[in-house]
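**Q** Make a model of this:
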Amino acid sequence: MIFDKPGVVTSDATMAARSASLSATLAVPDYLEKTYWWAYTHPNAVRVFERQWLVNLILWGNFSRLRDLALQDMGELIHGQVLQVACVYGNFTEHVVRRLGPDAHLSVIDIAPVQITNMHNKLGPHPQVSVLQQDSTALHFADASQDTVVVFFLLHEQPAEVRRKTIAEALRVTRPGGKIVFVDYHRPRASSPFRYLMVPILMALEPFAMDLWRGEITDWLPVNDAPAHIDKQTYFGGLYQKVVMVR
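**A** Numbers count the residues shown, from 1 in each chain. The predicted model follows:
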């Protein structure tokens with residue numbers, strides 16, 4: 001069984017029918033297929049990248065630290081409705097699941113069918129988790145329906161206009177007083193060697209990430225819909241950032 005809402009049980013067959021119906025109308029965006037086929041949409045991508053040591057290496061040994069920093073703002077015991085926008089390689093989601101309180105429900109969404117299948121395989125059946133194919137720019141959740149939204153290393157993979165819509169949707173579905181937690185790349189300090197080392201890497205493999213170096217996540221907030229509070233912290237010489245918005 002899968003819980004759509006606290007106290008409301010939906011059968012696996014019903015959820016499967018919903019997912020099949022939605023999948024029939026969703027296409028993987030062109031930018032994702034063209035730019036990240038090798039990392040996210042090709043079936044072999046999961047076999048290559050779903051390795052804890054590798055995702056840690058890609059983040060220069062910082063995966064666990066950044067994961068735990070995001071979890072810190074979600075709470076030692078997570079309550080209510082939680083939305084993870086995009087599947088994540090590594091054990092990020094497993095650690096979120098371990099913190100779910102008895103009243104909590106986690107929804108994990110992604111646009112790529114390969115990633116949805118991988119997440120199902122990683123988590124297995126769980127009564128407090130739904131894994132759904134959805135587009136981050138057009139979420140199928142009601143306004144103010146989520147207590148916590150986490151966006152872990154997604155924004156740098158999206159073109160500016162897609163990123164803007166993703167942030168707007170994350171805000172839309174978060175209840176007043178709820179949190180949106182972003183963890184992503186950031187422009188390192190001038191004294192950091194990664195400021196220069198990462199430029200050719202990102203330009204070759206993560207071309208949209210340079211936008212985050214030239215601005216702030218807040219630059220893509222919707223007009224006239226500012227959060228009540230914003231806290232930004234940077235780490236590892238400024239290469240990474242955590243931005244927490246309170247709705």
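**Q** ok, the one residue sitting closest to the centre of the chain to residue 196 distance?
**A** Geometric centre of the chain, nearest residue: residue 151, 3.2 Å, by C-alpha atoms, centre = their mean. Counting by C-beta to C-beta, to the nearest Å, the gap between residue 151 and residue 196 amounts to 27 Å. (Glycine included, C-beta is placed from N, CA and C.)
**Q** Kindly report the same for residue 219.
**A** Residue 219 is 23 Å from residue 196, where distance means C-beta to C-beta.
**Q** Now do the same contact list for residue 82.
**A** Counting by C-beta atoms under 8 Å, 6 or more residues apart in numbering, residue 82 makes contact with 74, 96, 100, 104, 105, 106, 107, 146, 147, 148, 149, 150.
**Q** rerun at 10 Å
**A** Residue 82 sits next to 74-75, 96-97, 99-100, 104-108, 128-129, 146-150, 178-179 when contact means C-beta atoms under 10 Å, 6 or more residues apart in numbering.
**Q** gap between the helix or strand where the residue nearest to the centre of the chain lies and the chain center?
**A** For residue 151, the host element (DSSP states H and E) is strand 146-152. Centroid displacement of strand 146-152 relative to its chain, using C-alpha atoms, centre = their mean, to the nearest Å, is 8 Å.
**Q** State the mean pLDDT of that strand.
**A** Averaged across strand 146-152, the pLDDT comes to 98.
**Q** Please apply the same query to stretch 172-186.
**A** What stretch 172-186 shows for mean pLDDT is 98.
**Q** now the closest residue to residue 86 other than its chain neighbours: how far from residue 109?
**A** In this structure, residue 86 finds its nearest non-sequential neighbour in residue 154, 4.4 Å apart by C-beta to C-beta, 6 or more residues apart in numbering. For residue 154, the distance to residue 109 equals 11 Å [C-beta to C-beta].
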